[in-house]
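Only the shape, not the letters, is given here:
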């Protein structure tokens, strides 16, 4: 028979274990609630955008006009002399500039459902140059940190694999994920750590936000799509939201030069 003292110790241990489990469950629930709140905030923003688009469509229908896409002024030097992360051939005649947020569920949806198809059909075939810019939203507390990590990976030619890892592990955004991913990508960790504290990287992200705001970006993901000519993006169209591949295909195909008559 175990002694009363031993029994008390066992009981107390069980109580402490149960309390620890409860604390762990509470922490998980708080994390889930925080994530859901972020999704609700993003959804509210998207609903507002959709509402403005519906009003525009209603106005057009009432006036008996054709719906016109919103075109912007020609943008000079869209890739900023190669300083921005980009993929695609230098000879591409069409460019897409993406404004994204690494904590945005709609950006992840776009990445999961649309970007891969755009890459295989248009970027890898040499038709489209794809440029990425940051637009972390104020109600996503981890978005700026993720953007900094991605830009620091760019310094070591690892932006795109880091980007993929950040979107795939959106719920784990934080220093541990950035360090683990950088290690897996065989980055120089001393340089990476120094870059994470470099104010110049934050200034670059602020410039992206300022530029995006100046061309009408209000939410993420958003895109500028236009023809490239002499390092200029000619009268690009602003496209907002996690649109389907078919929407991008229609926009890109409309910009492709017509085949020459025989």
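Yes, it's here. Computed from a predicted model, the values in this text were never measured in an experiment.

mean confidence for the one helix or strand residue 161 maps to?
Assessed by DSSP states H and E, residue 161 sits inside helix 159-168. Helix 159-168 shows a mean pLDDT of 98.

Check which residues of that helix are buried.
For helix 159-168, a neighbour-count test (16 or more other Cβ atoms under 10 Å) marks 159, 160, 162, 163, 165, 166, 167 as buried. Using the backbone N, CA and C atoms, a C-beta is placed for each residue, glycine as well.

Now render those residues as CSV, adding distance to residue 253.
Shown next, in CSV, are the buried residues of helix 159-168 (distance: Cβ to Cβ, whole Å):
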residue, distance to residue 253
159, 28
160, 25
162, 31
163, 26
165, 32
166, 30
167, 26
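
Could you single out the nearest of these to residue 187?
Ranked by distance to residue 187 (Cβ to Cβ), these are led by residue 162 at 8.6 Å.

so what's the closest one closest to, chain neighbours aside?
residue 153 (3.7 Å; Cβ to Cβ, 6 or more residues apart in numbering).

now swap in residue 143 and tell me
Once flanking residues are discounted, residue 143 sits nearest to residue 136: 3.4 Å by Cβ to Cβ, 6+ apart.

As a check, name the ranges of all helices in the stretch 51-200 of the chain.
For the stretch 51-200 of the chain, the helices defined by DSSP state H, counting those that start in this stretch cover 105-110, 116-118, 143-154, 159-168, 175-184, 189-196, 199-214.

Using the three-state scheme, assign residue 228.
strand (DSSP: H, G, I helix; E, B strand; the rest coil).

what about the closest residue to it other than its chain neighbours, how many neighbours?
In space, and not counting its chain neighbours, residue 228 is closest to residue 95: 4.8 Å by Cβ to Cβ, 6+ apart. Residues contacting residue 95 under the criterion other Cβ atoms under 10 Å number 24.

and if you look at the one 4 residues further on?
Burial of residue 99, expressed as a neighbour count using other Cβ under 10 Å, amounts to 27.

Residue 162 and residue 170, how far apart?
Noted for residue 162: a distance of 13 Å to residue 170, by Cβ to Cβ, to the nearest Å.

One more: residue 236?
28 Å.

cool, and residue 150?
Residue 150 is 13 Å from residue 170, by Cβ to Cβ.

Looking at these two, which has the bigger crowd around it?
Shown here are residue 150 and residue 170; by other Cβ under 10 Å, residue 150 has more neighbours (26 against 19).

For that one, give me its contacts.
The contact partners of residue 150, taken as Cβ atoms under 8 Å, 6 or more residues apart in numbering, are 85, 102, 134, 159, 162, 163, 166.

ok, so of these, who is nearest residue 203?
residue 134 (11.6 Å).

picking that back up, just give me the neighbour total for the residue nearest to residue 162.
25.

Excluding chain neighbours, what is closest to residue 89?
residue 126 (4.3 Å).

now residue 104
residue 220 (4.7 Å).

Three-state assignment for that neighbour, please.
Quick answer, by three-state DSSP: residue 220 is coil.

doesn't residue 102 make contact with it?
No: contact status for residue 220 versus residue 102: not in contact, 9.5 Å apart, counting by Cβ atoms under 8 Å.

circling back: what number of residues lie near the residue nearest to residue 143?
Neighbour number of residue 136 under other Cβ under 10 Å is 25.

Per-residue pLDDT of it, please?
For residue 136, the predicted pLDDT is 97.
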